[in-house]
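> Provided below are the primary sequence and the corresponding predicted coordinates.
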Amino acid sequence: MTPSCSADRSVAPIEEGDGWPAPAKLNLMLRIVGRRPDGYHELQTVFQFIDRCDRLWFDVRADGLINRLNDVPGVVAGEDLTVRAARALQEATGCRLGADIRCEKILPIGGGLGGGSSDAATTLVALNRLWGTGLDEDALAGLALPLGADVPVFVRGHAAWAEGVGERLTPVVLPLQWYLVLTPPCSVSTRDVFADPELTRDSLPVTLADFVEGVVANDCLPVVRRQYAPVAAALDWLSGWGGGRLSGTGACVFAVFDDRAEALVALEQCPTEMHAFVAQGLNRSPLLEQLDRAPVTAERPETGGASLLFGA
């Protein structure tokens with residue numbers, strides 16, 4: 001059965017006062033070129049951000065507690081990447097401040113857009129500024145990697161060619177194209193995809209020049225298409241718009257357009273029950289834009305106490 005799609009025509013602007021943005025990413029290609037002795041896979045991929053974001057607010061506390069104020073469906077508070085990121089920053093710096101964290105989830109869980117990883121990166125970057133812990137980008141990226149292989153790219157905030165498990169990043173400048181992104185009604189397990197015996201694990205390495213020339217395949221796509229019928233249906237529909245690609249391990253799929261008007265035409269024709277939105281590619285994360293205008297606003301107190309301030 002073809003999944004349905006409720007078109008979301010909004011491309012939300014990033015306004016000051018909207019909290020700290022945690023942007024989505026797209027994997028514009030993904031190759032699996034080997035498997036390491038520790039079981040992790042060697043990848044090549046291209047990350048580009050899009051202007052679709054979760055939003056986070058941070059209320060700095062003097063008593064050292066880290067609290068998640070709102071529920072995130074399917075995510076236990078103690079396992080939430082924002083909570084783990086805040087605690088990792090505390091442990092690395094000895095900071096005695098805490099934070100109440102509120103997250104407005106826009107990005108789907110298990111969608112391949114990096115929502116949880118982006119939330120974690122935004123937490124590291126924002127609290128490093130709000131707590132005044134003073135870590136540089138390299139140090140924050142080092143804290144980010146144990147939280148997830150794609151958290152460092154969100155910390156660094158630049159579109160990138162990535163290798164290794166996704167942590168060896170080379171900044172790139174990509175065309176600022178428009179994307180029609182479909183979010184099938186399912187959540188893909190990355191663990192299950194990478195455990196599938198039919199997954200290609202020995203693709204020949206390529207170069208960034210190969211990607212520019214049109215090498216854009218995602219080695220996870222055949223497995224995800226076979227395992228998840230809603231993803232297959234979305235890809236079939238996108239075949240009428242130049243072909244669909246899978247972001248990460250999915251479930252989100254996308255098509256590429258040169259201009260917004262063309263992408264909106266496709267959105268208007270999207271089946272009525274299939275959730276979709278239009279977004280533009282970004283080479284610089286909106287998180288860095290927020291960081292540029294967010295002053296250091298907290299000092300480490302001598303004793304515990306009440307909440308100190310709200311994040312920008």
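Yep, that arrived. Numbering: from 1, shown residues only.

> what about the stretch 101-250 of the chain, any weak spots by pLDDT?
Scanning the stretch 101-250 of the chain for pLDDT under 70 picks out no residues.

> how many other residues sit next to R31?
R31 has 21 neighbouring residues, counting by other C-beta atoms under 10 Å. (Glycine included, C-beta is placed from N, CA and C.)

> can you pull the contacts of it?
Shown in contact with R31 (C-beta atoms under 8 Å, 6 or more residues apart in numbering): L43, Q44, T45, S203, P205, V206, A217, D219.

> That one - that's part of a helix, no?
No - counting by DSSP: H, G, I helix; E, B strand; the rest coil, R31 is not found in a helix; it is strand.

> Return the per-residue confidence for it.
Listed pLDDT for R31 reads 98.

> Now do the contacts for the closest residue to I66 other than its chain neighbours.
Among residues not flanking I66 along the chain, A86 sits closest, at 4.7 Å (C-beta to C-beta, 6 or more residues apart in numbering). By C-beta under 8 Å, 6+ apart, the contact list for A86 reads I66, G98, A99, I101, T123, L127.

> okay if I get those as a markdown table plus secondary structure and distance to V224?
Output for the contacts of A86, formatted as a markdown table (DSSP: H, G, I helix; E, B strand; the rest coil; distance: C-beta to C-beta, whole Å):
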| residue | secondary structure | distance to V224 |
| --- | --- | --- |
| I66 | strand | 34 |
| G98 | strand | 39 |
| A99 | strand | 36 |
| I101 | strand | 31 |
| T123 | helix | 28 |
| L127 | helix | 34 |
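
> can you tell me how far V265 sits from G242?
13 Å (C-beta to C-beta, to the nearest Å).

> returning to what we had before: and the contacts of A86, which two are furthest apart?
Pairwise distances across those (C-beta to C-beta) peak at 12.4 Å, for the pair G98 and T123.

> Comparing the two, which residue is more hemmed in?
For G98 versus T123, the count of surrounding residues by other C-beta under 10 Å is larger for T123: 31 against 23.

> Run a quick check on the more buried one versus D80, I expect a contact.
No - T123 is not in contact with D80 according to C-beta atoms under 8 Å; the separation is 9.5 Å.

> is it fair to say V155 lies in a helix?
Yes - judged by three-state DSSP, V155 forms part of a helix.

> Roughly how far does it sit from V60?
20 Å.

> Comparing those two, which shows the higher neighbour count?
Under the criterion of other C-beta under 10 Å, the comparison of V155 against V60 puts V155 first, with 29 against 20.

> correct me, but the more buried one touches A126?
No - using C-beta under 8 Å, V155 is not in contact with A126, being 11.0 Å away.

> about what we covered before: so the residue nearest to I66 is in which element?
helix 81-93 (DSSP states H and E).

> can you check G132 too?
Going by DSSP H and E, G132 is not in any helix or strand.

> Make a ChimeraX selection of the buried ones in the contacts of R31.
Restricted to buried positions by 16 or more other C-beta atoms under 10 Å, the ChimeraX selection for the contacts of R31 reads:
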select :43,44,45,203,217,219
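
> So which of the contacts of R31 sit within strands?
L43, Q44, T45 (DSSP state E).

> can you put the contacts of R31 in CSV and add distance to G132?
Compiled in CSV, the contacts of R31 are given as follows (distance: C-beta to C-beta, whole Å):
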residue, distance to G132
L43, 35
Q44, 38
T45, 34
S203, 45
P205, 42
V206, 43
A217, 45
D219, 43
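
> any idea how far the one residue sitting closest to the centre of the chain lies from D18?
Centroid check for the chain by C-alpha atoms, centre = their mean gives G114 as the closest residue, at 2.5 Å. To D18, G114 is 19 Å away according to C-beta to C-beta.

> Tell me the spacing between L43 and A217.
13 Å.

> which residues do these two both contact?
What both L43 and A217 touch, as defined by C-beta under 8 Å, 6+ apart, is the set L30, R31.

> which residues in this protein form strands?
So, for the chain - with DSSP E - the strands run 4-8, 20-35, 41-61, 66-68, 98-104, 160-164, 168-171, 178-182, 245-246, 253-257, 274-282, 307-310.

> Dump those strands to TSV, plus distance to R293.
TSV is the format used below for those (distance: least, C-beta to C-beta, whole Å):
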stretch	distance to R293
strand 4-8	28
strand 20-35	11
strand 41-61	15
strand 66-68	25
strand 98-104	20
strand 160-164	24
strand 168-171	22
strand 178-182	27
strand 245-246	34
strand 253-257	30
strand 274-282	17
strand 307-310	15
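
> Relative to A141, which of those is closest?
Closest approach to A141 among the strands of the chain (C-beta to C-beta): strand 168-171, 8.4 Å.
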